[in-house]
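1. Starting from these lines, generate the structure:
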Amino acid sequence: RIGLQANGAVMVTEGETVLYATICAGRDVTADGGFVPLTVNYQERFSAVGKTAGGYRKRDGGVRENETLIGRLVDRPLRPMIPKGWAYDTQILEWVLSYDGVRSTDALAITAASAVAAISDVPLKKPVAGVRVGWAPGASEPLINPTVEQMRDSRLDLVLAGTEDAVMMIEGFGDFLTVDEMLYAIEKGHEAVAKACKDIKAWAEQVGRPKMTEKMLVAPEGVDAAVAEAVGADLATAMAIGPKQQRGAAVEQVRNRAMEALKDQFQATDVRLACGRIESQAIRNMIRREGRRQDGRDVNTVRPIASEGGLLPRAHGSSLFTRGETQAIAVATLGGKVDAQRTDGIGDSEDRRFYLHYFFPPSSVGETGRIGAANRREVGHGNLAERALAPIIPPEEQFPFTVRLESTITESNGSSSMASVCAGCLALQDAGVPISRKVAGIAMGLILGDEAEGEAPVVLTDILGSEDALGDMDFKIAGDAEGLTAFQLDIKVEGITLPVMRTALERARVGLIHILGEMEKADPPPGGEMSKYAPQIRTMTVSKKYIGRVIGKGGEQIKSICEQTKIDTIDINDDGKVVLNGGFGCDMDAAVAIIESLTVEPEVGKTYRGARVTKVLEFGAFVEVLPGIEGLCHVSELDVTRVNNPKDVVNEGDRIDVKLLETNERGQLKLSRREVLLDEGGDEVRAQLEEAKMAREEARDARKAEAEDRAQSDGGGWGEDRGGGNPDDRRRGRPPP
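-> Below you'll find the predicted structure:
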């Protein structure tokens, strides 16, 4: 009904979530049979939730980080199910067209991709399905396909994919889960996966197209035997060389010799692929029969480790971590709320106050290549390392900084993402981040035994790049001796059982303990305190009634504080919580003092020094005792002596000392300069005032006596009625004419 021109198309529905998936294969051979040319693209349409993309561009199309991560989750379990002999460009496209927000879409996307591949004519060994597993705090059973709401408090976030018979991929993050808890969650998750796979298989048998198995590339008969006879022993010798660069050069030399020797019998591509199969067999035989690996280690030994803190002088925190031929430089940068990573998607999104960026330059493996935006591998590895470290980041209430980690791989030969976990932990310590505990990461591998000879699988600790490429499992595990924080498993063949996983996890725990012990020997060790170049963040609380005063009209007060003190940002919420964020060189104490002065209550009886005169009127002067708070100093309170004109004592802009005498019911302040002068002058000023008072009284008495004498000499006072004058004048107190 929909997408009829594609090799396959499905519309998958869960509740009100609708996901449309297609698969298409090219018409021409583009690969040599050594790998599957598969591409998976997953996209979330904003229209699925009735939204429009933010920003200037309104068209959906730019790949967001979450879409890249889900695309990788879909690719990893599905790729091993498409035979390597399939050499045609194959593309799986997925769009979320409707989203109800009840459950996340990653597990559904895996199942949808498998369903569309199963009904198409593209060869597929078996259907796969995906499921999410959570674990509520205090619960004894895991949650299968939990809701978004249930996942908010979950101790486990596990996405699992597999076939009806086996687990093929897991990726999960937890709050220090035990091995038993994780294995039980995997077991329960696979039960749900097996049921879904059976349903997809039955449905595909009804509606699916015939598979194009006739188009698969097949190795020419006898090519493996011919290559083994010509250079088999030399390839085995070359594969046993320890140093990566020397081994690579020696292997390439032998390959070229084989292609030259057999050019008349087989094509060069077929000879090269046969060499790869012989190399894989050589390394497997070395490990299974001799218990020895390419670099000379046994199967349980971790490569030599060296680490140091404080590598970069101006960075807030830095470290160098080296494990064998894998090396990472980690840098921790602290910031404020504005530095958090903002996300934009169809689900509930919140700013991330901790995030990790992973860089894998081509120079780390001695090659040239593209430099620019992060590729899918960098995004995936960075996310794994980030989630491994997230549980040890302190909560915002304890540590209000945003933390950004960078991991730059300077050398790579296996498990650079786990090296990023180790280097990142050291860099966090060097930056003075109060992490809750220390964690490390390790990658485990697997070489399946020869069933015909009854050989058991061999678990490898701390795998090399070649053991990852040629082995049967890549199991990355992060945590400490007590529990796990992150794990990622990619299985390249069916047949990995839970007992094998348990063995790998138990060996990984031993390896993690060893690595953490080696990290303790870092020389020099991490600084353990915040750098002087790190930003400052101060949190304070003000009364709600002063929020407007702190902000100021149009934010002018906050702008003024930032300009005066070089503070970067001042954020204040409706509850009165104020967060100040400033970089190196800011005057945080001054900014806090200004805000405190804006919000302090004036105290009766307190003297305010250097208060600014804002206005002078005929009855007194208005004085600003605190920022934005003024009071009246009446003319009678300006000086210890009588003042006829306030401007004889103060002018606008003057700085004077005043005392707060009282605050009336309307909040108006009564100030006095006179009381300050009296307090500071002491007995001397009081004596002078007493003398002045006595002098005034004596002068008044003298004037009174003189007036009485004059009145008597004139024949009486004018105020007495002696029969003369107008009665109205007498009533008004006027002297008679």
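
2. Sketch out the low-pLDDT regions of this protein for me.
-> Residues of the chain meeting the criterion pLDDT under 70: 451-452, 495, 682-690, 692-693, 696, 714-737.

3. Output the longest strand belonging to it.
-> Using DSSP state E, we find that the single longest strand of the chain is strand 17-29.

4. I'd like the next helix or strand past that one.
-> strand 38-44 (DSSP states H and E).

5. elements contacting that next one?
-> helix 65-78, strand 88-98 (3 or more Cβ pairs under 8 Å, 6 or more residues apart in numbering; DSSP states H and E). C-beta coordinates here come from the backbone N, C-alpha and C atoms, glycine included.

6. The first one packs against which elements?
-> When contacts are defined as 3+ Cβ pairs under 8 Å, 6+ apart, helix 65-78 sits against strand 38-44, strand 88-98, helix 106-119, strand 129-134, strand 156-162, strand 167-177, helix 376-389.

7. Pipe those into JSON lines and attach mean neighbour count per row.
-> Below are these laid out as JSON lines (neighbours: other Cβ atoms under 10 Å):
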{"stretch": "strand 38-44", "mean neighbour count": "20"}
{"stretch": "strand 88-98", "mean neighbour count": "20"}
{"stretch": "helix 106-119", "mean neighbour count": "26"}
{"stretch": "strand 129-134", "mean neighbour count": "26"}
{"stretch": "strand 156-162", "mean neighbour count": "25"}
{"stretch": "strand 167-177", "mean neighbour count": "23"}
{"stretch": "helix 376-389", "mean neighbour count": "23"}
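
8. between these, which one is nearest to Ile463?
-> With Cβ to Cβ as the criterion, Ile463 lies closest to helix 376-389 of the helices and strands packed on helix 65-78, at 15.1 Å.

9. And that closest one, what does it pack against?
-> Applying 3+ Cβ pairs under 8 Å, 6+ apart, we find helix 376-389 packed against helix 65-78, strand 167-177, strand 354-359, strand 402-411, helix 416-430, strand 473-479, strand 484-491.

10. got the angle between the fourth one and helix 416-430?
-> The directions of strand 402-411 and helix 416-430 differ by 130 degrees, with axes from the mean of the first three to the mean of the last three Cα atoms, to 10 degrees as the criterion.

11. Extract the CA atoms of strand 402-411 and return them as CSV.
-> Provided in CSV are the C-alpha atoms of strand 402-411 (Å, rounded to 0.1, in the frame of the first residue of the first chain):
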residue,chain,number,x,y,z
THR,A,402,28.5,22.5,33.9
VAL,A,403,31.3,20.0,33.1
ARG,A,404,32.5,19.4,29.5
LEU,A,405,35.0,16.7,28.8
GLU,A,406,37.1,16.3,25.7
SER,A,407,38.9,13.1,24.8
THR,A,408,41.4,13.3,22.0
ILE,A,409,42.8,9.9,20.9
THR,A,410,46.5,10.4,20.1
GLU,A,411,47.2,6.7,19.6
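
12. Now do the buried residues in that strand.
-> 402-411 (16 or more other Cβ atoms under 10 Å).

13. Dihedrals phi and psi, Pro499?
-> Note on Pro499: its backbone torsions stand at phi -60, psi -40 [degrees, to the nearest 10].

14. any idea how far Gly309 is from the closest residue to Arg277 other than its chain neighbours?
-> Nearest residue to Arg277, sequence neighbours excluded (Cβ to Cβ, 6 or more residues apart in numbering): Asp224, at 6.2 Å. Taking Cβ to Cβ, to the nearest Å as the measure, Asp224 falls 51 Å from Gly309.

15. Mind checking which of the two has more residues around it?
-> Gly309 (24 against 19; other Cβ atoms under 10 Å).

16. Hmm, Leu426 and that one touching each other?
-> Yes: with contact defined as Cβ atoms under 8 Å, Gly309 reaches Leu426; the gap is 5.6 Å.

17. Mutual contacts of these two, please.
-> Common neighbours of Gly309 and Leu426, using Cβ atoms under 8 Å, 6 or more residues apart in numbering, are 319, 522, 526.

18. Pick the one among these closest to Gly189.
-> Nearest to Gly189 among the shared contacts of Gly309 and Leu426, with distances taken as Cβ to Cβ, is Ser319, at 35.6 Å.

19. Dump the C-alpha coordinates for the one helix or strand the closest one maps to into PDB.
-> Per DSSP H and E, Ser319 falls inside strand 317-323. The C-alpha coordinates for strand 317-323 follow below in PDB (Å, rounded to 0.1, in the frame of the first residue of the first chain):
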ATOM      1  CA  GLY A 317      41.700  19.900  34.300                       C
ATOM      2  CA  SER A 318      43.600  17.500  32.100                       C
ATOM      3  CA  SER A 319      45.200  14.100  32.000                       C
ATOM      4  CA  LEU A 320      47.200  11.700  29.800                       C
ATOM      5  CA  PHE A 321      46.300   8.000  29.900                       C
ATOM      6  CA  THR A 322      48.300   5.400  28.000                       C
ATOM      7  CA  ARG A 323      47.400   1.700  27.900                       C
END
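
20. Quick one: work out the angle between that strand and helix 416-430.
-> 140 degrees.

21. Run through who's touching strand 317-323.
-> For strand 317-323, contacts defined as Cβ under 8 Å, 6+ apart pick out 302-312, 327-334, 411, 415, 419, 422-424, 426-433, 462, 515, 519, 522, 526-527, 531.

22. Name the helix or strand for Lys188, please.
-> Going by DSSP H and E, Lys188 is part of helix 179-207.

23. brain fart, Lys670
-> Short version, using DSSP H and E: Lys670 is in strand 669-672.

24. Which SSE is immediately downstream of that strand?
-> In the C-terminal direction from strand 669-672 (assignment by DSSP H and E), the next one is helix 674-713.

25. Output the contacting helices and strands for that next one.
-> Contacts defined by 3+ Cβ pairs under 8 Å, 6+ apart place helix 674-713 against strand 655-663.

26. List of residues touching the strand it packs on?
-> 602-613, 623, 625, 631, 633, 637, 650, 669-673, 675-676, 679.

27. And the helices in the stretch 501-650 of the chain?
-> Listed in chain order, the helices of the stretch 501-650 of the chain (DSSP state H, counting those that start in this stretch) span 547-551, 556-565, 588-599.

28. next one: the stretch 251-400 of the chain
-> 268-285, 376-389.

29. picking up where we left off before, if you compare the helices and strands packed on helix 376-389, which one is most tucked away?
-> helix 416-430 (a mean of 30; mean count of other Cβ atoms under 10 Å).

30. any idea of the angle the helix or strand that it is followed by forms with helix 416-430?
-> As assigned by DSSP H and E, the chain's next helix or strand after helix 416-430 is strand 440-447. Calculated by the same axes, to 10 degrees, strand 440-447 forms an angle of 170 degrees with helix 416-430.

31. Give me the distance from the helix or strand that comes right after strand 440-447 to the chain's centre.
-> Of the helices and strands lying after strand 440-447 in sequence (DSSP H and E), the nearest is strand 458-461. Distance, stretch centre to chain centre, for strand 458-461: 33 Å (Cα atoms, centre = their mean, to the nearest Å).

32. other SSEs contacting strand 458-461?
-> Looks like strand 458-461 contacts strand 440-447, helix 498-519 (3+ Cβ pairs under 8 Å, 6+ apart).

33. follow-up on the earlier one: including distance to Ile547, could the helices and strands packed on helix 65-78 go into JSON lines?
-> Below are these laid out as JSON lines (distance: least, Cβ to Cβ, whole Å):
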{"stretch": "strand 38-44", "distance to Ile547": "38"}
{"stretch": "strand 88-98", "distance to Ile547": "41"}
{"stretch": "helix 106-119", "distance to Ile547": "42"}
{"stretch": "strand 129-134", "distance to Ile547": "40"}
{"stretch": "strand 156-162", "distance to Ile547": "38"}
{"stretch": "strand 167-177", "distance to Ile547": "37"}
{"stretch": "helix 376-389", "distance to Ile547": "36"}
